[in-house]
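Student: Build the 3D model from these lines:
(chains A and B)
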Amino acid sequence: MSSSISLPAVPRVTPSPWNAFGGIWRLTARRFTTRNYWIGVAVLLSILALFTGAVVRREDGATQFFSLAKVVYLTIILPLTAFVFTAAAIRDDLKPSSVDYVFTRPIRRTAFVLFKYLSQMICLQIDFLLAFTILFCTGIYRHVPGLFEAAPILLFAQVLLVMAFSAFGFFCGVITSRYMVVGLIYAAVVEVGVGQLPTQLSKIAMTRQILGMIEPTMSRVAPRLSNHAAEVPGILATVGLLCAFTLAMISLAALFFSHQELAGGKSPQS
Amino acid sequence: MKAIIEGENLSRFYGMILGLNNVNFTIKPGITGVVGPNGAGKTTLFRLLTGQSKPSSGTLKVFGLNPWNNPAVQARLAYCPESEAVPADIGASDWLIALGMISGLSAATAKGRALLNLERVKLPSAHWKKRLTALSKGMRQRVKLAQCLLHEPDLIILDEPMNGLDPMGREEFGNVLRALANEGRSIVISSHILDDLEALCAEFLLLRWGRIPHSLNEGTREARARWPDSTSIRCESPEKLARYLFDQHLLRGCDIATDTLHVRWSEPERFYGKFHHYLLESGVRIFEVQNTASLLEKAIDTVPNQ
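Tutor: Just a heads-up that it's a prediction; the model follows:
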């Protein structure tokens, strides 16, 4: 039977990973450039600025500001947003409007996962840079002491958290449409450490690592916030752990996605 | 001619649901029509061909290779799905540029190809920048065809591409497909508009309930060898024409509806052998002569169930 099949010839256009990344970047970045998106971003940033301005007062501004930055911004808003946005983005790419056009093209699924994650993560980093700027400017407006000393480590923490939680969101988005359930279970067991499970999983929580990393700076700029009981891992250890977590999530997502069959635009019975 | 697609004992099940059931087939270069009722397994077949699904059993080869998740095959084929879903918030030309780049083209080449192909599918340039979701169904079909042509594929798989096109659009669409076939590209197309399919395709594959009961090639060849049993003739005076044809002993029966005469021939080959002569001699002004049933429809009707 195979003898009657014509031998494979060279395709007229040779697949190129670099160009494919460009294509995926264009499809991803467009979601961040629509008018509705920017209206949403403007509203959220205004709320952030107003909330920060209202909470931080002149007296003991450092404690209030850095408490807000640590507890609300770095451990709640940022991980949650990065997780949800990335999971939603990959779910969007599994819809018929994308599946039938993107995954019938000559790109390896593993490459797609990597390129999609990078594009999404870069776009989120840009957005959070904007949020950080708003937060920072509000701090300046409220004359928060130690702001310039703390800014680099806070920004670095933000970059690491966006990288790791985007990867986690990406993985959850690939494996299930109910990514929020997986995310909430993870947050409860690992990040928050509900019930202090005997496995002590919360010790490897990413937010805990990040808070440990910024602790020395926090104890200098806002001594009342200092948590002496906190374990202080080195910056390299934290970076290594978060990079390893990111790599593991993306590898698992790629592995899972490579074996996933795509349903596309019609029910399989058709 | 060598086959470009070959399926052997190919099955695909979705749990208890049957997609394709132990089918054997080959598809040769050229334009091939895939015909069958809803739920026959056409889209399942296309999903297997494009490497989106894996066969449950059996083998499938496209250009001699297993298509499942195989960029070497995907670099040589293109797919236009039936689904009307297109990404929101992106213009037609921008979408094509991004897809062209994913196929391997540089940004500049992708842009050039995108515009060229939008022109080729006759989408007016005023709509090139418009969001896909703002385009009409027919225009979206044209953009969907254009995305197939970006990387000059050797095989183009089209699932119901003529849905939503007006008759003129279907004609233009057909012309584009014929031109592509003349350039040496192979096309596999499914459509419920059998007349259009019959006008386009040299070969057919009939699917029914996940099986291939018969190669329609044979069926259509037989059907084409015969003259149509019934014909509709739109003319100035159907009554006068009916009287004349009865006098010539050509008719088995007829119906008259306003300006159209529907006839059933007793000896169709005698009428069609000299139809110019008969119609001229009748002295009736003829506007249109049309077969009542398409040959393909007839062939499908005659295919036995397995």
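
Student: switch to C-alpha atoms for all contacts and neighbour counts from now on
Tutor: OK.

Student: How about the residues of the stretch 1-150 of chain A by chain B?
Tutor: A:2, A:4-8, A:11-17, A:19-24, A:26-27, A:30-31, A:34, A:96-98, A:100-109 (C-alpha under 8 Å from any C-alpha of the partner chain).

Student: A:Leu45 sits in which helix or strand?
Tutor: helix A:35-55 (DSSP states H and E).

Student: which element follows the lowest-mean-pLDDT helix or strand in chain B toward the C-terminus?
Tutor: None of the helices or strands of chain B scores lower by mean pLDDT, DSSP states H and E than helix B:216-225, at a mean of 54. Proceeding N to C from helix B:216-225, the next assigned helix or strand is strand B:230-235, under DSSP H and E.

Student: Residues in contact with that following strand: which ones?
Tutor: B:259-265, B:284-293 (C-alpha atoms under 8 Å, 6 or more residues apart in numbering or on different chains).

Student: ok, of those, which come out buried?
Tutor: Neighbour counting by 16 or more other C-alpha atoms under 10 Å in any protein chain shown classes B:Thr260, B:Leu261, B:His262, B:Val263, B:Arg264, B:Trp265, B:Val284, B:Ile286 among the contacts of strand B:230-235 as buried.

Student: ok, now which ones touch the second one?
Tutor: The neighbourhood of B:Leu261, defined by C-alpha under 8 Å, 6+ apart, consists of B:Ser232, B:Ile233, B:Arg234, B:Cys235, B:Pro238, B:Glu239, B:Ala242, B:Cys254, B:Asp255.

Student: Look up the residues forming beta bridges with it.
Tutor: Counting by DSSP bridges, B:Leu261 is bridged to B:Ile233, B:Ile256.

Student: For it, report the pLDDT, please.
Tutor: We have a pLDDT of 89 for B:Leu261.

Student: roughly how far apart are it and A:Ala187?
Tutor: Noted for B:Leu261: a distance of 76 Å to A:Ala187, by C-alpha to C-alpha, to the nearest Å.

Student: Over to B:Ala114?
Tutor: Taken as C-alpha to C-alpha, the span from B:Ala114 to A:Ala187 is 45 Å.

Student: between those two, which one's more packed in?
Tutor: B:Ala114 (28 against 17; other C-alpha atoms under 10 Å in any protein chain shown).

Student: Now do the host helix or strand of that one, average pLDDT.
Tutor: When elements are assigned from DSSP H and E, B:Ala114 belongs to helix B:107-120. Mean per-residue pLDDT for helix B:107-120: 93.

Student: Which other helices and strands does it contact?
Tutor: helix B:92-102, helix B:137-149 (3 or more C-alpha pairs under 8 Å, 6 or more residues apart in numbering or on different chains; DSSP states H and E).

Student: Would you tell me which one of the ones you listed is buried the most?
Tutor: Highest mean neighbour count among the helices and strands packed on helix B:107-120 (mean count of other C-alpha atoms under 10 Å in any protein chain shown): helix B:92-102, with a mean of 28.

Student: neighbouring contacts of that one?
Tutor: Contacts of helix B:92-102 (C-alpha under 8 Å, 6+ apart): A:15-17, A:19-24, A:26-27, A:101-102, A:105-107, B:106-107, B:110-111, B:113-115, B:118, B:127-132, B:143, B:146-147, B:150-151.

Student: Which residue, other than its chain neighbours, is closest to B:Val73?
Tutor: Distances taken as C-alpha to C-alpha, 6 or more residues apart in numbering or on different chains place B:Pro67 nearest to B:Val73, at 5.7 Å, with adjacent residues excluded.

Student: circling back: mind listing which of the residues of the stretch 1-150 of chain A next to chain B are in helices?
Tutor: Within the residues of the stretch 1-150 of chain A next to chain B, residues falling in helices by DSSP state H are A:17, A:19-24, A:26-27, A:96-98, A:100-102, A:109.
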